[in-house]
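[1] sequence? don't have it. structure:
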Ligand SMILES: Cc1cc2nc3c(=O)[nH]c(=O)nc-3n(C[C@H](O)[C@H](O)[C@H](O)COP(=O)(O)O)c2cc1C
Ligand SMILES: CCCCCCC(=O)C(=O)O
C-alpha cells in the first residue's frame with residue numbers, strides 16, 4: 001500500500017473530513033454493535049495453510065457475472081462520494097479501472113451515471129433502492145443500460161434507512177452543492193431538512209423508499225431489463241433460497257456495514273448457511289469489514305465468489321482522490337496474492353471450507 005497502511009488512510013480521512021461527514025461514514029445503526037461484530041466474525045475465522053504446493057504462479061484473477069476482475073474484489077455501493085472528494089465517483093471509477101476492480105455505483109451517487117461511465121475503464125454495476133416513484137427506477141435502468149453498466153444490484157435490507165444515532169445527533173444533511181444527481185431533485189433531496197435529533201437521510205428515505213415491496217415485485221425489474229440482477233443484504237439461508245427460486249443472478253451477503261438492522265448477524269457468520277442453500281446456483285459476494293487480503297481468502301473459504309469493500313475505498317478517496325482509492329485496492333490485492341501463496345492456493349477456485357477453522 002505504497003508504505004501507507006490502511007489504518008493510516010482511515011486516520012487521515014478522519015482528520016480531513018468534517019465531523020458529521022466522518023460520522024456518516026463510520027457510524028452504524030442503534031448500538032453500532034453490528035459494525036464491530038462484523039470485524040469480530042472475520043477475526044474468529046482462522047486459516048489452515050497447505051504447504052509444498054507450487055505457488056510460483058498464483059493467479060488472483062476471476063470473473064463475476066461476466067466481468068473480468070484482477071482479483072475477486074469490488075467497491076460496495078456507497079452514496080455521495082463527493083462528500084469526501086470533489087471528483088466523487090468519477091475518481092473512484094478511474095481507480096477501480098486502474099486496479100481491475102468492479103465498481104458498484106450507488107443510485108445516490110453524486111456524479112451522473114454517464115460521467116462515471118466515461119471515466120471508467122473497468123466494469124460498473126448500478127445499485128438501486130426501491131423508490132415509491134417507480135418511473136425513477138425505469139429511467140435509471142434505461143440509463144444504466146445505455147451507459148454500459150453490466151448488472152443491477154437491488155438493496156433489500158433497507159425498507160428505510162435505519163436510525164443512526166450519530167447522524168441523528170448531528171442532524172446530518174448532505175451539504176449544499178452535493179446531490180444525488182441521478183434522481184429527480186424533488187424525489188430525493190437529503191441535502192436539506194436535517195435537524196438536531198433527526199438526519200435528513202433517514203427522513204428522506206422514509207418519505208421516498210417503498211417499504212411494501214416483496215419477492216413478487218422482482219418480476220417488475222425483470223420485465224424491464226435483461227441485465228443480471230443481484231440482491232444486496234441477504235443474511236439467511238431461507239432468503240438466499242428464495243432469491244435462487246426467483247431467478248436472481250447473485251446475492252450480496254451483507255449487514256450493510258452495521259448500518260441497518262442493529263444487532264444483525266455479521267455477514268461472515270451468515271455466509272456458510274447461505275452458500276449451502278445456494279449450492280452454486282448464483283454468485284455470492286460478501287461485504288462488511290473486509291480490511292485485509294486474508295479477509296478475502298476467508299470469505300472465499302466460507303463460500304463467497306468475491307468481496308465488496310466499503311468504507312476503505314472512501315478513506316482512500318478522502319486521502320488522495322483516485323490515487324488513494326487505487327492504493328487501497330492495490331494494497332488489498334497484493335495482500336490477497338500473498339495470502340494465496342502462503343495458503344497454497346494457486347487459483348481463486350482453490351479456496352474452500354477446508355481452508356478455515358472457526359474459533
Ligand atoms: C457512507 C456509506 C454509504 C453507503 N451507501 C450505500 C448505498 O447507497 N447503497 C447500499 O446498498 N449500501 C450502501 N452502503 C453500505 C455498503 O454498500 C456496504 O454494505 C458496507 O459499507 C460494507 O461494509 P464496510 O464499509 O465495513 O466495508 C453505504 C455504506 C457507507 C459507509
Ligand atoms: C435518502 C438517501 C439515502 C442514502 C442511503 C445510503 C446508505 O445506504 C447508507 O448506508 O448510508
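    On my side now, so go ahead. In this text, all values refer to a predicted model and were calculated from it rather than measured experimentally. Ligands and ions are numbered 1, 2, ... in the order given.
[2] make it CA atoms for all contacts and neighbour counts henceforth
    Will do.
[3] gap between the helix or strand hosting residue 97 and the chain center?
    Following DSSP states H and E, one finds residue 97 within helix 89-99. Averaging C-alpha positions (C-alpha atoms, centre = their mean, to the nearest Å) puts helix 89-99 15 Å from its chain's average.
[4] That one near ligand 1 anywhere?
    No. Interface with ligand 1: helix 89-99 contributes nothing (C-alpha under 6 Å from any ligand atom), its closest point being 12.0 Å away.
[5] And the next helix or strand past that helix?
    strand 102-105.
[6] any chance you could map the strands in this protein?
    When secondary structure is read from DSSP state E, the chain shows strands at 45-47, 62-64, 67-69, 73-75, 102-105, 124-128, 152-155, 229-234, 250-253, 283-287, 306-309, 356-358.
[7] Could you measure from residue 245 over to residue 328?
    37 Å (C-alpha to C-alpha, to the nearest Å).
[8] Looking at these two, which has the bigger crowd around it?
    residue 328 (27 against 11; other C-alpha atoms under 10 Å).
[9] hang on, the earlier thing: now for the strands of the chain, which one comes closest to ligand 2?
    Closest approach to ligand 2 among these (C-alpha to the nearest ligand atom): strand 152-155, 8.4 Å.
[10] Which strands or helices does the closest one pack on?
    Judged by 3 or more C-alpha pairs under 8 Å, 6 or more residues apart in numbering; DSSP states H and E, strand 152-155 is in contact with strand 124-128, strand 229-234.
[11] Wondering if it reaches ligand 1 at all.
    Yes. Counting by C-alpha under 6 Å from any ligand atom, ligand 1 is contacted by strand 152-155 at residue 155.
[12] Contacts only, for residue 113.
    143, 144, 147, 182 (C-alpha atoms under 8 Å, 6 or more residues apart in numbering).
[13] Adding neighbour count as columns, could you present these in a markdown table?
    Below are the contacts of residue 113 laid out as a markdown table (neighbours: other C-alpha atoms under 10 Å):
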| residue | neighbour count |
| --- | --- |
| 143 | 16 |
| 144 | 21 |
| 147 | 16 |
| 182 | 20 |
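[14] Restricted to helices, list those residues.
    143, 144, 147 (DSSP state H).
[15] For ligand 1, give me its nearest residue in the stretch 1-150 of the chain.
    For the stretch 1-150 of the chain, C-alpha to the nearest ligand atom, closest residue to ligand 1: residue 78, 3.3 Å.
[16] and that residue, what does it touch?
    Counted by C-alpha under 8 Å, 6+ apart, residue 78 has contacts 105, 106, 108, 109, 310.
[17] By neighbours, which of those residues wins?
    The contacts of residue 78, ranked by neighbours (other C-alpha under 10 Å): first place residue 105, 31 neighbours.
[18] so it touches residue 123, yeah?
    No. If you go by C-alpha atoms under 8 Å, residue 105 and residue 123 don't touch, sitting 10.5 Å apart.
[19] residue contacts, residue 296?
    By C-alpha under 8 Å, 6+ apart, the neighbours of residue 296 are 72, 290, 306, 307, 336.
[20] of all those, which comes closest to residue 353?
    For the contacts of residue 296, the minimum distance to residue 353 (C-alpha to C-alpha) is 15.0 Å, reached by residue 306.
[21] can you pull the pLDDT of the closest one?
    pLDDT, residue 306: 98.
[22] I figured it hits residue 300, correct?
    Yes. Taking C-alpha under 8 Å as the definition, residue 306 is a contact partner of residue 300 at 6.8 Å.
[23] check whether the lengthiest helix in the chain contacts ligand 1.
    Taking DSSP H as the criterion, the chain has its longest helix at helix 311-343. Yes. For helix 311-343, a contact with ligand 1 is found by C-alpha under 6 Å from any ligand atom, at residue 311.
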